[in-house]
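1. Whatever this is, show me its structure:
(one chain, ligands or ions: 1)
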Amino acid sequence: MIGLGLIGGSVLRGAKAAGRTVWGATASKEDADKARAEGFDVVTVEEALHRSAEALVVLAVPLPALPDLLRKVPAGTRLTDVTSVKGPVHDAVHRYAPEVRFVGGHPMAGTSRSGWGAGSATLFEGAAWVVTPEEADDHLNDVMRLALDLKAHVVPTTPEEHDEAVARISHLPHLLAAVLAAVGAGGGPLALALAAGSFGDGTRVAGSRPELVRAMCEGNRDALLMAVDDALGRLGAARGSLASTGGLQKTIDAGHEGRNALVSQPQRSAVSIDLSKPGALAALRNLGSRGGRVVGLNGSTATAETS
Ligand SMILES: O=C(O)C(=O)C[C@]1(C(=O)O)C=C[C@@H](O)C=C1
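-> Numbers count the residues shown, from 1 in each chain. So this is what the prediction gives:
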């Protein structure tokens, strides 16, 4: 594990709790000291990469730190990551570490707190863990096994589809939370004194570390711009309705439907995917694109649920 912040620290703790042999490395002395105090084996980044020949290496560093790190990764290393954007990470791996074996990863869990102290072994329980494989092979199986050990379910897809989806459901919400928090605070002390559930829920992630949010949003610029345009179009229509034309109900109904689709439990059917057969990669991507997920792995057979 390289990077021992919220996500890296949680993967390290969860993997240890699942009975794996783990070690971590971080450039942050503060996170390293805290992890060592909890009994974790923390080494230098160089030592972690040196030990990496037999290990699955998880990179949990912010996107801007990846190129320098990737240049140091030995050829043949089995690598995954937890970065919230996938297209730029795949591009960086192809460019700076073309000889490594890489499966992109993104666990869909977090809190607005950061650093080793905010992590927990159970952070990923019940969460979606995206994988963006370029091949269906033993390395992909190892990455999926890690996610399943941490009690997440695996959603396989392509980097492009991932980036478009998370622009809508993660990066845009962070921007909207920032805007909403600023608008609310603009109402002064009375507005903040009255703030209750809706303001608190809608602005929670505005409490995240600003530089991490910026890196996340800028890392997915193109897809996020499209999501922002969609949001501005809807907000503009809502404003027009409110100011003059009527029809506000349409905007609110569309939101109500979107929320219902999120909270309603889809009917899921169980399927098996033989990962040793040609066509397994397409079958996995197809599963994920339709909202399905892998929930178990037995040898080279994935147990999956379609939605
Ligand atoms: O729950 C939170 O605090 C989060 O922000 C988690 C969240 C998100 O839901 O947008 C944020 C970034 C991660 O890459 C995945 C998930």
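
2. Could you tell me which residues of the stretch 101-250 of the chain lie near the ligand?
-> Within the stretch 101-250 of the chain, the positions lying close to the ligand (Cβ under 6 Å from any ligand atom) are 108-112, 170, 205. C-beta here means a position set from N, CA and C on the backbone, and glycine is covered the same way.

3. And what about the residue of the stretch 151-300 of the chain found nearest the ligand, helix, strand or coil?
-> Relative to the ligand, the nearest point of the stretch 151-300 of the chain is residue 170 (3.3 Å; Cβ to the nearest ligand atom). Using DSSP: H, G, I helix; E, B strand; the rest coil, the structure places residue 170 in helix.

4. for it, what are its contacts?
-> 84, 108, 216 (Cβ atoms under 8 Å, 6 or more residues apart in numbering).

5. what's near enough to touch the first one?
-> Yep, that's residue 84 we're talking about. 63, 106, 166, 170-171, 216, 219-220.

6. If we use 10 Å, what do you get?
-> 7, 62-63, 106-108, 110, 130, 162-163, 166, 170-171, 174, 212-213, 215-217, 219-220 (Cβ atoms under 10 Å, 6 or more residues apart in numbering).

7. SS state for it?
-> Assignment for residue 84 (three-state DSSP): coil.

8. what two of the residues of the stretch 101-250 of the chain next to the ligand are the furthest from one another?
-> 108 and 112 (15.0 Å; Cβ to Cβ).

9. Look up phi and psi at the nearest residue to residue 273 once chain neighbours are set aside.
-> Nearest non-adjacent residue to residue 273, counting by Cβ to Cβ, 6 or more residues apart in numbering: residue 302, 4.4 Å away. When read as degrees, to the nearest 10, the backbone of residue 302 gives phi -90, psi 130.

10. returning to what we had before: let me have the contacts of residue 170 in CSV, adding distance to residue 50 as columns.
-> Below are those laid out as CSV (distance: Cβ to Cβ, whole Å):
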residue, distance to residue 50
84, 28
108, 32
216, 30
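
11. I'd like those as a markdown table, with pLDDT and distance to residue 92 appended.
-> Shown next, in a markdown table, are the contacts of residue 170 (pLDDT from 0 to 100; distance: Cβ to Cβ, whole Å):
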| residue | pLDDT | distance to residue 92 |
| --- | --- | --- |
| 84 | 96 | 14 |
| 108 | 98 | 21 |
| 216 | 94 | 15 |
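
12. Mind checking which of the contacts of residue 84 are in strands?
-> 106-107, 130 (DSSP state E).

13. contacting residues around residue 100?
-> Counted by Cβ under 10 Å, 6+ apart, residue 100 has contacts 52, 57, 70, 73-79, 93-94, 139.

14. With respect to residue 182, which of the residues of the stretch 101-250 of the chain next to the ligand is nearest?
-> Using Cβ to Cβ, those come closest to residue 182 at residue 205, 13.6 Å.

15. Please report how far the closest one lies from residue 108.
-> Between residue 205 and residue 108 the distance is 13 Å, computed by Cβ to Cβ, to the nearest Å.

16. to the chain's geometric centre, what's the distance from the helix ranked longest in the chain?
-> Criterion DSSP state H: the longest helix present in the chain is helix 221-240. How far helix 221-240 lies from its chain's middle: 23 Å, per Cα atoms, centre = their mean, to the nearest Å.
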